[in-house]
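Enquirer: sequence first, predicted model second:
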Amino acid sequence: MKSLPFLLVCLTVASAKAEVNVSGLQSAEHENVLLTMALAKEPCSSPEWKIRHLFANADADIDEALRALGFYHAEISKTLNFKEACWQADFNVKAGPPTLIESVSIALSGEAKDDADFQKLLAKLSAAKGMVLHHDFYEKMKHRIDALAQEKGYLKSQFTEHQLLIDKANNSAAIKLSFESGKRLFFGAITIQQDSLNPDFVKQYLPIKTGDYYTGAGLAKTYTVFSNSDYFKTIAIRPDTEGIQANQIPVNITLTPKPKYHYSGGLGFDTDIGPLLSGSFINRRLNRRGHYLTANIDISPVLSTADAEYNIPLSHPVTDSFSLGGGLKREDNQSYRSLSAKLAGRLKHAYSDGWKQTLALDLSYEDFVTGATSGQTFLLVPSASWLRTKTDDLLRPSNGYRVQFDVSGSHQSLLSSVSFAQALFSGTLIHPAFGDAKWIAHTDLGATLADPFARLPTTYRFYAGGLNSVRGYAYRELGPKDSAGAVEGGRYLTTLSAEYEQPILKDWALAAFIDSGNAYNSSKINLKTGVGLGIRWFSPIGPVRLDVGIPLNESKSSFQIHFSAGSRL
């Protein structure tokens with residue numbers, strides 16, 4: 001027991017931090033000196049002989065650190081003191097004049113000599129003339145040239161000369177590089193190994209073909225399209241660099257299929273619709289031509305849906321598909337009750353600029369009650385939708401947008417109970433604010449022409465209020481009212497939202513928002529406004545939002561709590 005105090009003292013001394021002070025340098029040089037100096041890594045417990053040895057060699061460490069940043073004439077004065085508890089080293093360093101890059105000479109030969117991407121890179125690298133020499137810049141310069149060559153298929157390229165010439169007396173440096181690119185290579189025979197789908201169908205996914213210039217981007221795109229197809233669990237792409245013939249590189253692709261069937265289920269909660277039980281099913285391979293089936297069911301007190309869709313990839317399966325489907329929907333909220341069934345056909349196309357187009361034809365039946373109005377309607381509705389989303393991060397975007405345009409309509413003479421035409425625009429914008437904060441703006445704008453409007457089912461009427469509409473008001477609480485004061489839905493919709501989100505911890509943020517809007521029937525807009533605060537948790541599977549909204553106009557409640565999970569884009 002008597003040895004315990006001695007042990008505690010030893011531990012305390014061993015954990016004490018030594019002092020290595022370096023003065024006289026700018027921040028970049030100061031940081032590099034401390035990173036390079038071996039003495040700066042020693043604790044107080046190191047033996048005195050070792051500290052004195054490293055202190056004697058510290059001049060060489062400092063000189064090495066400063067040379068890497070272009071300073072070749074350092075002047076160093078130093079002192080070392082041993083105290084009772086530890087030791088202390090002090091260095092005063094004068095870096096001297098910096099070495100400037102006097103010339104950059106890059107000689108390029110081979111087929112890359114006339115390559116526009118190489119010309120652009122060499123012009124950018126040559127602009128380093130006059131800069132302070134950093135040795136890592138010289139190494140990065142060589143790496144960028146070599147990386148571009150590998151990316152663009154000059155796989156037999158090499159540096160025939162690479163020199164960094166230092167003139168210490170004149171504090172100048174010259175960079176001399178000679179690069180032989182050789183011939184640019186092409187994609188050769190492309191072999192795909194898989195046994196789950198028809199070979200001809202799988203080949204339709206290939207963005208590269210034999211005879212194309214070999215590029216790393218082409219290989220990356222090939223991986224992406226196969227991964228996004230949802231047919232394959234693993235994708236292995238191996239260029240055969242040992243089998244190059246006639247300047248062509250064979251490519252071997254091995255695809256391992258995902259399981260044929262996929263099931264999922266979950267429990268959730270959304271303040272608009274209450275507790276939610278959901279399930280989904282996918283059959284990824286109805287046949288070897290890539291046809292697949294999806295089915296989903298969501299059950300909640302307010303909104304329940306069930307649907308199934310048969311999907312058929314077309315001749316360009318990466319961008320084009322057709323589907324046939326059907327579904328049931330039951331909705332019972334404070335503004336209306338509705339039961340509907342639908343059969344639908346969808347033709348989908350993805351444009352190269354990021355826009356996604358859906359052309360559809362729906363045959364639907366709906367039995368609804370809203371206010372004092374009720375009805376049963378059949379509708380044959382052609383529609384079109386255009387969607388584009390751009391974001392810097394799928395789970396936690398700090399910059400991006402989502403825009404969607406929808407148009408639809410029907411005519412009473414074509415199997416429909418009512419004639420109508422409708423257009424809807426929805427947009428969300430996320431933009432950086434101060435530091436890591438961000439602004440979030442959202443709008444919904446809609447207009448409907450219908451004759452007679454009273455026969456238009458609730459699915460095609462506009463309502464406002466709720467989490468993704470005007471917070472502070474209940475789900476679909478807002479809209480034109482009938483003579484009895486019941487909300488019956490409107491011809492037009494306008495909602496606007498502005499939100500400021502401020503991070504407070506790594507995965508947490510606070511938000512303040514103001515929402516305004518309404519659904520209406522005339523040119524006079526009776527806007528309803530809500531304000532509030534919220535908290536955000538950025539979970540591993542996506543953001544979770546909890547908002548408390550306060551209505552600034554007449555409402556059925558003094559506040560609303562809104563909760564949901566999922567990306568804003």
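Expert: The structure has been received and is ready for your questions.

Enquirer: drop to CA atoms for contacts and neighbour counts, all remaining ones
Expert: Noted.

Enquirer: residue 77 against residue 62, yeah?
Expert: No - Residue 77 is beyond contact range of residue 62, at 11.3 Å (criterion: CA atoms under 8 Å).

Enquirer: is the closest residue to residue 565 other than its chain neighbours in a helix, a strand, or coil?
Expert: Closest residue to residue 565 apart from its sequence neighbours, by CA to CA, 6 or more residues apart in numbering: residue 544 at 4.3 Å. What DSSP: H, G, I helix; E, B strand; the rest coil gives for residue 544 is strand.

Enquirer: since we're on residue 544, how many residues are nearby?
Expert: Neighbourhood size, residue 544 [other CA atoms under 10 Å]: 16.

Enquirer: any idea what residue 390 is bridged to?
Expert: residue 401 (DSSP bridges).

Enquirer: and for residue 88?
Expert: Residues in beta-bridge contact with residue 88 (DSSP bridges): residue 19, residue 81.

Enquirer: how much space separates the nearest residue to residue 553 once chain neighbours are set aside from residue 486?
Expert: Computed as CA to CA, 6+ apart, the closest residue to residue 553 that is not its neighbour in sequence is residue 528, at 6.0 Å. As judged by CA to CA, to the nearest Å, residue 528 and residue 486 stand 17 Å apart.

Enquirer: please say which of the two ends up with more neighbours.
Expert: residue 528 (24 against 18).

Enquirer: from residue 469, how far off is that one?
Expert: In terms of CA to CA, residue 528 sits 11 Å off from residue 469.

Enquirer: overlap in contacts, those two.
Expert: Taking CA atoms under 8 Å, 6 or more residues apart in numbering as the criterion, residue 528 and residue 469 both touch residue 517.

Enquirer: mind checking the longest helix of the chain?
Expert: Ranked by residue count and defined by DSSP state H, the top helix of the chain is helix 135-151.

Enquirer: which residues are in contact with that helix?
Expert: Under CA under 8 Å, 6+ apart, the answer for helix 135-151 is 67-70, 118, 121, 125, 155, 157-158, 164, 175, 181, 215-217.

Enquirer: go again with 7 Å.
Expert: 68-69, 125, 155, 157, 215-216 (CA atoms under 7 Å, 6 or more residues apart in numbering).

Enquirer: how far out from the middle of the chain is it?
Expert: Relative to its chain's centre, helix 135-151 lies at 28 Å (CA atoms, centre = their mean, to the nearest Å).

Enquirer: kindly report the same for stretch 118-136.
Expert: 32 Å.

Enquirer: ends of it, what's the gap?
Expert: Across its full length, stretch 118-136 reaches 21 Å between end residues, using CA to CA.

Enquirer: what residues of that stretch count as buried?
Expert: Neighbour-count burial for stretch 118-136, counted by 16 or more other CA atoms under 10 Å, picks out 118, 122, 125, 128-129, 132-134.

Enquirer: centre of the chain to stretch 353-368, how far?
Expert: Counting by CA atoms, centre = their mean, stretch 353-368 comes out at 27 Å from the chain centroid.

Enquirer: so what touches it?
Expert: Contacts of stretch 353-368 (CA under 7 Å, 6+ apart): 337-350, 374-388, 457-458.

Enquirer: would you mind listing the buried residues in that stretch?
Expert: Neighbour-count burial for stretch 353-368 [16+ other CA under 10 Å]: 356-368.

Enquirer: before we move on, what about stretch 81-97?
Expert: Buried positions in stretch 81-97, judged by neighbour count with 16+ other CA under 10 Å: 86-89, 91, 93, 95.

Enquirer: and which of these is nearest residue 101?
Expert: Closest approach to residue 101 among the buried residues of stretch 81-97 (CA to CA): residue 95, at 17.3 Å.

Enquirer: need the pLDDT of the closest one.
Expert: For residue 95, the model assigns a pLDDT of 92.

Enquirer: and the residue lying closest to it once chain neighbours are set aside, how far is that from residue 25?
Expert: Using CA to CA, 6+ apart and skipping the chain neighbours, the partner closest in space to residue 95 is residue 74 (4.4 Å). Here residue 74 is placed at a distance of 10 Å from residue 25 (CA to CA).

Enquirer: quick check: neighbours shared by those two?
Expert: With CA under 7 Å, 6+ apart, residue 74 and residue 25 have common neighbours 93-95.
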